[in-house]
Every structure is written in structure tokens, then in C-alpha cells.
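[1] my questions are about this predicted structure, shown below with the sequence.
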There are 2 protein chains.
Amino acid sequence: MFDNSETTGLSHLGEFGLIDHLTKNIELKQAGSLKGIGDDAAVLDFANKKVLVSTDMLLEGIHFDLAYTPFKHLGYKAIQVNLSDVYAMNGTPTQVTVSIGVSSKFPLEAIEELYQGIHIACEKYNVDLIGGDTSASKQGLVISVTVLGEADEKDIVYRNGAQEGDLLCVSGDLGGAYVGLQLLEREKLVYLENPKIQPDLEGKDYIVERQLKPDARKDVVELLKAWGVTPTSMIDVSDGLASEVLHICKQSDKGVQLYEEKIPIDPMTYETAREFGLDPTICALSGGEDYELLFTVKQADHDKIKHHPDISIIGYMTEASAGCNLVSKSGNVHKLTAQGWNAFKA
Amino acid sequence: MFDNSETTGLSHLGEFGLIDHLTKNIELKQAGSLKGIGDDAAVLDFANKKVLVSTDMLLEGIHFDLAYTPFKHLGYKAIQVNLSDVYAMNGTPTQVTVSIGVSSKFPLEAIEELYQGIHIACEKYNVDLIGGDTSASKQGLVISVTVLGEADEKDIVYRNGAQEGDLLCVSGDLGGAYVGLQLLEREKLVYLENPKIQPDLEGKDYIVERQLKPDARKDVVELLKAWGVTPTSMIDVSDGLASEVLHICKQSDKGVQLYEEKIPIDPMTYETAREFGLDPTICALSGGEDYELLFTVKQADHDKIKHHPDISIIGYMTEASAGCNLVSKSGNVHKLTAQGWNAFKA
């Protein structure tokens, strides 16, 4: 991706030089960010708000493949997957720390692009980059992000608040990120077999972007707030719909009826899944990485959300003894199981 | 280290299983830890305190060598190096998140020992483990820790507050962690050449522990508080005394006179450095990883600290134009330079 003859090596900058170089233009925008990078610790003021903390690590070869992942997208995604966890608590992300371990095989320009993506994501979501750690790595690229956010205690939504009869809802559409990954993996194999063949991703932008450049659903949290709807439980869809539904059921001690025909799947996801011989519903249930919000609301809120094109009501909560069920398009009832992302890889 | 025939593979547990297994017995002790592991984010209450945040990543082959680092020590150290950053702000650490990337080549028992070390450190310092991420790794062991702490705004000590005439002080002794590392590296080479020879570390416990199992200086922060001494600036010694002194000088816009003869070096560090043909002063100045506290106090506080055996006054701050100087034992004045840890490795 980078012609090393025209690039800058990391080794001559050293660790301090690299941190300085990557963070010199940071402006803190949150009033609560009293001190950012440059001391032993950042200093933050959350006033009367509760503090939300989540962390996610991305490892080369496990979570991303640099053969088809642009550094800028990777930086952007590393931030988004963390922001998504704060939105899933019905909170507002305010700060992030970013630690990277980077092999000296990477040119400085690659790490600059990674940080460009990080900065773009922070700017777009009004989040301050307030700290981190930069280290050499003998083992490829490692990115660890911790996000801090805030919320009033009364607004925080956990996974365990779903009640019997609540409507199960999901934002956006599902399965796209997984099918996009299959596409990228296929084109990588084609390229490895014959480097003269250019990747054939034409017309597939949407699902490729779902995989490479997801956006945390800040808008959904804001919409619900504007409508006066507080979900009774919420979680983000990182491991696949089935896994997340089961988390809500288990932690709320409830069952669920989930309707296959209600699961939102984009036409391009559907069509491309079929091209790969995959069941689109399975891609949505077990694919993961969609970073949509899955939540439950009281039936009384039905009228407020029913007409929004970006929110789908996909089922309802039952008593725990009724079990966690998927009702297929043909009306058959199956026990819902979480295969998760790894099952596909096996 | 582990006989794989009697151990448990990680693969059958899966990611969720591993997290559950490692965190099932956690009890939250901080009143401010409202929700720990188990939702999209932890929920914390800092009441009227300011929040301190710092993060450090440890990578196999860069920051530690599993040939001579017991997993339990490694977990303990990963927490300590982070706590040290909060104490260096004159704050109190309250929570940590721990993300690990782990190759499936490690048996479950190894990761359990790592977490034992983490739990022991958390318990000892009254810090809650409130979140994290556990992932497969293709790249050896990766540990990323983020620490949160609290302080009243008036108590927070930055690097930039040193004034002309302030006394420069350091806790404990320096250079031991670096010399301990040389010893471990030597014994590793001996072992690789002849696996029948047992490591010869007899009588060297102190410096080996300085390297493998450092303790953050909570006690020093508490002592200063008890004496009514608020440092004007503070930093922890992770990269070597010279580097940290220069950080304080640069951020405070001051110069320094640092006296070689005042630098505290333990006799075992001194003697072992000599055995290796190393200058003990250079080990203290550039060795790093001692995790002592370097701080400046007003001259008026001299009487309060002068008799404590664990605090050394090693110099004083000057105006910036006087420069940053090291006064050698023979009275010669040298410009202080930071070679840092990497210089040793070159």
C-alpha cells in the first residue's frame, strides 16, 4: 500500500516523537476535559453526571486484515466500535484514549492515516482524544481504545431491564457487515492468485462500508430522546443479533419471540449473501459487527416508534419459561442459539 | 512453563466463556463502582471529584519476555504501572479495565495466573476491575490496562508546576529494575546455551523483584499528604530519571541542578551494575521502570521531608536559562540528556 522508498521510518522518531507528532494538533472541545495528553494522566470533570467506561481492542489478523483495510478506515472504526458501547447505555461519549502497538515495518505515513481516521471519528462525534500509549510491536498492529461517556443516572439503560410484553426493536439493517467481509475476503483471494486482477467491488459500496467504516448510532439515541422514549433495555449489535438478543433475555430473565420476517436486511446484503450461498437471516443473526442498537420499549411507546423507517420492531419479550424463540418465515418455531462470529470462521 | 498435557485449551471456552471464567468472582469494593463487567459499559460515580485517566499497553517481546516473567508477576505489574500514573498526579486510583489478546498456544492456567496477579494488585490497592476485552491473538500476549482515579481539583499535581528554588526529590532507589533486567537476560542466554544449568539469581531477589514485580508508591503519596506537603510538580519514573527530570523542566519551563552523589542507588544495584561493567549512575538516569515518584517541593517544606529514609533530595530547580545540568561526583557539570530505555537496546 505504501512505497517504502518515499516514506518515513518510525524508528528515527522514537516513542515520544511519534506521540508528539500524532497528537500535536489536538484541541480539547469538551468542557469536562481539563487536561488531555501530556501528563501522567488526563484530568476530567463529569460534574454531576455518572461516568460510562468501555474498552475494545483490535488485533491485526483477528479483527482486521490490512490487505483490504485502509488505515484511515481502521482508525475510524476503532473509535466507532467503542462509541457504540456508550450509546448502547443511552449515554453520550465524551473522551477516548487510544493505545497502539506498531511494528517498525509500517511507515510513519500509515500511522498518520490511522490517526486521521481516529481524529475524523472524534471530531464527528464531538469526543476528545485525551490520552494513550504508543509502543513498538514485534507482532503487527494492535489498537486498544477506551471510551468514557456520561449520562444522568435516570437515563442509563442496562441490558437487564426488559419486561414481559416489551417490544424488541433494532435500528438500521443487519448482516451487511458480515456479507461485506465475505466480499473482501473473496477479492483478497482473487488478488493473491492473480495480482493483475483488480478487486470487483462495484456497486457493493454499502456492504463494504458496513464492514470497513461503521457508524455508531448516535442518531438513534437522540431520536428516542426526542420522542420521549426510554428503552427498558439496550445493547449494541457487535456479535450478531442472536447473541445480543440472548444477552438481553438472560440478564433480564425473560424469554423472547423473534420473527424472522421482521429482521431488517438490506437488499444488497440479501442478494450478495445469496451469491455466496449464505442464508441472509443467518448472516443477520450470527454475522456481527453491524453496530446497530438492539433495544426493548414498553408497548405504550409503540405509536411513537412504529413509523420510523430506520427502526424495526422484530419481536416481543415473554416470560422466561416460554424460552427464546425464532419464528421462521414459514411459521416454524426454533430455539434461538448464538453461533456468533467464530462459528463462521470454524 | 506449563505441561500442555495437563492443561486446558482456551479454544473450547470461547471469548465469552473466558471472560466469565476470569471475572466471575469479582466483588466491587469502591462505592463509586455502580456497575462493573457485564453490560456495554461500566457505570461509575465520582461525586464531586475530578477523574484521572491513564492507559498503558504491554506487548510480549517488547515489554516483557515470557522466558523469565511469571504470568502472575506480569498481571501484577500491568496493574502497578498504571496505578503509578494516578499516584503521580497525587490522586487515588479507583478502577481499572484490562484487555488481553492471547494466543491459543497459552493454556487456560496461564491466563488464570495472569488474572491472579491482576486480582492481587487490585485487592492490595483497593481498585475495582470494572471492564475489559478478551480476544484471540495471532501475535503473542497483549495486555492493555486503563486506570481511572479520583482527586479533588486542588490536590492534583501536574508536571508543570515546579518553581525556581524548589527541591527536586525522588522516592526509593533507582536503577534496580534495569540491572535486574540485565541479570534476567543473562540467565536466559545461559539457559538457552545449556538448559541443564539453573538460573543463578541467588541473593539478587531485590533487583529481580524491582524488574518483575514493582509496586506503585501509594505510600509516598499518603506520607506527603500526612505531612501536609503538596508537591509543586510530580511524575513517575518509568523511562529513567533523566527523561523524567527533563519532562518536569520542559513543562515547568525551568532548569535544574541534579547531583549525581545524591541519586539513591541500592547497594545490590550498584554492585551488580559493576559486575556487568555498567555505570550505576547511568542505570539510574536511563534505565527506567523503577516506578518511583519524582517530585518538587517548596524549600519551606525541607524540614518536613529531610529525615525520611525513603525520600532523597537530589537537586533543585533553577531558571530555565541556567539549563538542565548533572553535577558529577567529581564536581564537573554536564548537560543532562535523556537516552531513555531504547538507547540501551541499540
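    The structure has been received and is ready for your questions.
[2] isn't residue A:230 up against residue A:90?
    Yes: between residue A:230 and residue A:90 a contact is recorded at 7.1 Å, counting by Cβ atoms under 8 Å. All C-beta spots, glycine's among them, are computed from the backbone N, C-alpha and C.
[3] ok, and the closest non-adjacent residue to the residue of chain A found nearest chain B?
    Nearest residue of chain A to chain B, counting by Cβ to the nearest Cβ: residue A:139, 3.0 Å away. Using Cβ to Cβ, 6 or more residues apart in numbering or on different chains and skipping residues adjacent in sequence, the residue nearest residue A:139 is residue B:139, 3.0 Å away.
[4] three-state assignment of that neighbour?
    State at residue B:139, reduced to three classes by DSSP: H, G, I helix; E, B strand; the rest coil: coil.
[5] could you verify my assumption that it touches residue B:105?
    No: Residue B:139 sits out of contact with residue B:105 when judged by Cβ under 8 Å, with a separation of 11.3 Å.
[6] now do the same contact list for the nearest residue to residue A:156 once chain neighbours are set aside.
    Leaving aside its sequence neighbours, residue A:156 sits nearest to residue A:89 (Cβ to Cβ, 6+ apart; 5.6 Å). Contact partners of residue A:89, counting by Cβ atoms under 8 Å, 6 or more residues apart in numbering or on different chains, are A:52, A:149, A:151, A:156-158, A:234, B:39-41, B:43.
[7] again with residue A:280
    Contacts of residue A:280 by Cβ under 8 Å, 6+ apart are A:175, A:179, A:265, A:269-270, A:273-274.
[8] pull up the gap between it and residue A:292, please.
    To residue A:292, residue A:280 is 15 Å away according to Cβ to Cβ, to the nearest Å.
[9] picking up where we left off before, look up the pLDDT of the residue nearest to residue A:156 for me, please.
    Note for residue A:89: predicted pLDDT of 98.
[10] what of residue A:297?
    The model reports residue A:297 with a pLDDT of 98.
[11] still on that earlier bit, of the contacts of residue A:280, buried ones?
    Taking 16 or more other Cβ atoms under 10 Å in any protein chain shown as the criterion, what is buried in the contacts of residue A:280 is A:175, A:179, A:265, A:269-270, A:273.
[12] could you dump those into TSV and include distance to chain B, secondary structure and pLDDT?
    Listed next are the buried ones among the contacts of residue A:280 as TSV, based on distance: Cβ to the nearest Cβ, whole Å; DSSP: H, G, I helix; E, B strand; the rest coil; pLDDT from 0 to 100:
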residue	distance to chain B	secondary structure	pLDDT
A:175	21	coil	98
A:179	22	helix	97
A:265	24	coil	98
A:269	24	helix	98
A:270	28	helix	98
A:273	24	helix	97
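[13] element containing residue A:250, please.
    helix A:241-252 (DSSP states H and E).
[14] run me through the strand neighbours of the next helix or strand after that helix, direction for each.
    Elements were assigned by DSSP H and E; along the chain past helix A:241-252, the next helix or strand is strand A:254-259. Here strand A:254-259 has these sheet partners by DSSP bridges: strand A:311-319 (antiparallel), strand A:324-327 (parallel).
[15] what's in contact with strand A:254-259?
    Under Cβ under 8 Å, 6+ apart, the answer for strand A:254-259 is A:162-164, A:168, A:245, A:248-249, A:314-327, A:336.
[16] so where do the helices sit in the stretch 51-200 of chain A?
    Secondary structure of the stretch 51-200 of chain A (DSSP state H, counting those that start in this stretch): helices located at A:71-87, A:108-124, A:176-193.
[17] what count of nearby residues applies to the closest residue to residue A:338 other than its chain neighbours?
    Nearest in space to residue A:338, with sequence neighbours left out and distances taken as Cβ to Cβ, 6+ apart, is residue A:243 at 3.9 Å. Residue A:243: 21 surrounding residues under other Cβ atoms under 10 Å in any protein chain shown.
[18] hang on, residue A:243 packs against residue A:288?
    Yes: using Cβ under 8 Å, residue A:243 is in contact with residue A:288, at 7.4 Å.
[19] got the strands paired with strand A:254-259 as JSON lines, with mean neighbour count columns?
    JSON lines is the format used below for the strands paired with strand A:254-259 (neighbours: other Cβ atoms under 10 Å in any protein chain shown):
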{"stretch": "strand A:311-319", "mean neighbour count": "20"}
{"stretch": "strand A:324-327", "mean neighbour count": "20"}
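[20] export those strands as CSV, with columns for distance to residue A:198.
    As requested, those are exported to CSV (distance: least, Cβ to Cβ, whole Å):
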stretch, distance to residue A:198
strand A:311-319, 36
strand A:324-327, 40
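[21] could I get those strands in CSV, plus columns for mean pLDDT?
    Converted to CSV, the strands paired with strand A:254-259 look like this (pLDDT from 0 to 100):
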stretch, mean pLDDT
strand A:311-319, 98
strand A:324-327, 97
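[22] leaving out sequence neighbours, find the closest residue to residue A:90.
    residue A:157 (4.1 Å).
[23] what residues go with each domain of chain A?
    A:4-155, A:167-345 (automatic domain parsing).
[24] of those domains, which stretch is the most buried?
    domain A:4-155 (a mean of 20; mean count of other Cβ atoms under 10 Å in any protein chain shown).
[25] tell me the contacts of residue A:22?
    Per Cβ under 8 Å, 6+ apart, neighbours of residue A:22: A:111-112, A:115, A:134.
[26] reformat the residues you listed into a markdown table and put distance to residue B:19 and pLDDT next to each item.
    Shown next, in a markdown table, are these (distance: Cβ to Cβ, whole Å; pLDDT from 0 to 100):
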| residue | distance to residue B:19 | pLDDT |
| --- | --- | --- |
| A:111 | 30 | 93 |
| A:112 | 34 | 94 |
| A:115 | 29 | 96 |
| A:134 | 27 | 89 |
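[27] from residue A:239, how far out is the most centrally placed residue in chain A?
    The C-alpha lying nearest the average C-alpha coordinate of chain A belongs to residue A:81 (Cα atoms, centre = their mean; 3.3 Å). Going from residue A:81 to residue A:239 by Cβ to Cβ gives 11 Å.
[28] same thing with residue A:233?
    16 Å.
[29] cool, residue A:262 as well?
    Separation of residue A:262 from residue A:239 (Cβ to Cβ) stands at 20 Å.
[30] poorly predicted segments of chain A, please.
    A:1-7, A:9, A:11-16, A:340-346 (pLDDT under 70).
[31] repeat the analysis, applying 90 as the threshold.
    Scanning chain A for pLDDT under 90 picks out A:1-26, A:103-107, A:133-136, A:138-140, A:190-203, A:307, A:338-346.
[32] tell me where it has strands.
    A:33-35, A:42-44, A:50-59, A:92-102, A:128-136, A:142-151, A:167-171, A:233-236, A:254-259, A:293-297, A:311-319, A:324-327, A:333-335 (DSSP state E).
[33] close to chain B, is the first one?
    Yes: against chain B, strand A:33-35 shows contacts by Cβ under 8 Å from any Cβ of the partner chain at A:34-35.
[34] roughly how far apart are the nearest residue to residue A:126 once chain neighbours are set aside and residue A:122?
    For residue A:126, ignoring the flanking residues on the chain, the nearest one in space by Cβ to Cβ, 6+ apart is residue A:29 at 6.2 Å. Counting by Cβ to Cβ, the separation of residue A:29 from residue A:122 is 9 Å.
[35] same deal with residue A:28?
    Relative to residue A:122, and taking Cβ to Cβ, residue A:28 is found at 11 Å.
[36] which residues touch residue A:121?
    So residue A:121 contacts A:75-76, A:79-80, A:83, A:127 (Cβ under 8 Å, 6+ apart).
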